[in-house]
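Engineer: Below is the sequence, then the predicted model.
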Amino acid sequence: MHVRRTCKTVALLFPLLLLAACRPPSAPAAAQVPTVSAADLVARGEYLVRIAGCNDCHTDGYTQRQGEVPQAQWLTGSALGYHGPWGTTYATNLRLRMQDLDEAQWLEYSANLHTRPIMPDFNVRAMSEEDRRALYRFIHGLGPAGERAPEALPPGRTPPPPYFGLVLPPAPPETAAAANAH
């Protein structure tokens with residue numbers, strides 16, 4: 001008789017246990033947001049500088065030396081001009097630029113960044129605030145070094161060497177004729 005009662009109890013409780021097992025777990029009372037340490041932000045900034053290609057333009061000789069440039073020389077700008085229909089652009093000395101801004105100014109500036117070609121400013125604008133903060137912390141932490149980059153030149157003015165010339169192909173004749181017809 002005892003065995004029959006136990007089986008009946010289990011038979012009645014089984015559906016309840018099954019329902020309880022299928023119910024999603026309740027959320028914790030307060031979600032914990034992981035905090036990122038200052039050291040982690042700096043390390044993230046260094047990582048972003050490496051993979052985002054910042055050094056490719058902003059560190060003289062970085063590409064030619066396949067990235068084998070001491071960190072002490074990183075991001076000091078370049079005298080290599082990027083010359084095209086917009087004029088000539090020079091890669092900014094980011095080490096000096098970051099000394100001119102506090103973190104809040106950098107976050108505002110970089111969230112709305114619009115620069116001259118060939119800088120892919122849209123990539124910086126697309127970064128999360130945390131990634132832009134990490135860039136700031138890393139670059140600012142490197143300290144000032146180097147000289148300011150040359151000033152940009154307007155269209156039609158040939159820069160002194162060295163410069164990288166970006167030449168657009170001429171428009172196809174049918175496109176030019178159609179443009180003149182309108």
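Structural biologist: Received the coordinates, thanks. Just so we're clear, the structure is a prediction, and the values are computed from it rather than from any experiment.
Engineer: From the chain's centroid, how far away is the host helix or strand of F122?
Structural biologist: Counting by DSSP states H and E, the element that carries F122 is helix 121-126. From the chain centre to the centre of helix 121-126 is a distance of 7 Å (CA atoms, centre = their mean, to the nearest Å).
Engineer: Likewise for stretch 82-94?
Structural biologist: Distance, stretch centre to chain centre, for stretch 82-94: 20 Å (CA atoms, centre = their mean).
Engineer: the bottom helix or strand of the protein by mean pLDDT?
Structural biologist: Of the helices and strands making up the chain, the lowest-confidence element is helix 2-22, at a mean of 42, by mean pLDDT, DSSP states H and E.
Engineer: who are the neighbours of the helix or strand following that one, in terms of helices and strands?
Structural biologist: Once the chain leaves helix 2-22, the next helix or strand it forms, by DSSP H and E, is helix 38-51. In this structure, helix 38-51 packs against helix 129-142, with contacts taken as 3 or more CB pairs under 8 Å, 6 or more residues apart in numbering; DSSP states H and E. Quick note: C-beta positions are derived from backbone N, CA and C, even for glycine.
Engineer: Which residues belonging to the helix it packs on are considered buried?
Structural biologist: Under the neighbour-count criterion of 16 or more other CB atoms under 10 Å, helix 129-142 has 131-140, 142 buried.
Engineer: Go ahead and name everything in contact with that helix.
Structural biologist: Residues outside helix 129-142 that contact it (CB atoms under 8 Å, 6 or more residues apart in numbering): 36, 38, 41-46, 48-49, 54, 71-72, 74-75, 94-95, 98-99, 101, 103, 106-107, 110-111, 124, 127.
Engineer: Try it again at 6 Å.
Structural biologist: Helix 129-142 has contacts (CB atoms under 6 Å, 6 or more residues apart in numbering) with 41-42, 44-46, 48, 75, 94-95, 98, 103, 106-107, 110.
Engineer: which one of these has the most neighbours?
Structural biologist: L75 (27 neighbours; other CB atoms under 10 Å).
Engineer: now it, nearest residue through space, not along the chain?
Structural biologist: Of all residues not flanking L75 in the chain, L94 sits nearest, at 4.2 Å (CB to CB, 6 or more residues apart in numbering).
Engineer: Alright, that wraps it up for me.
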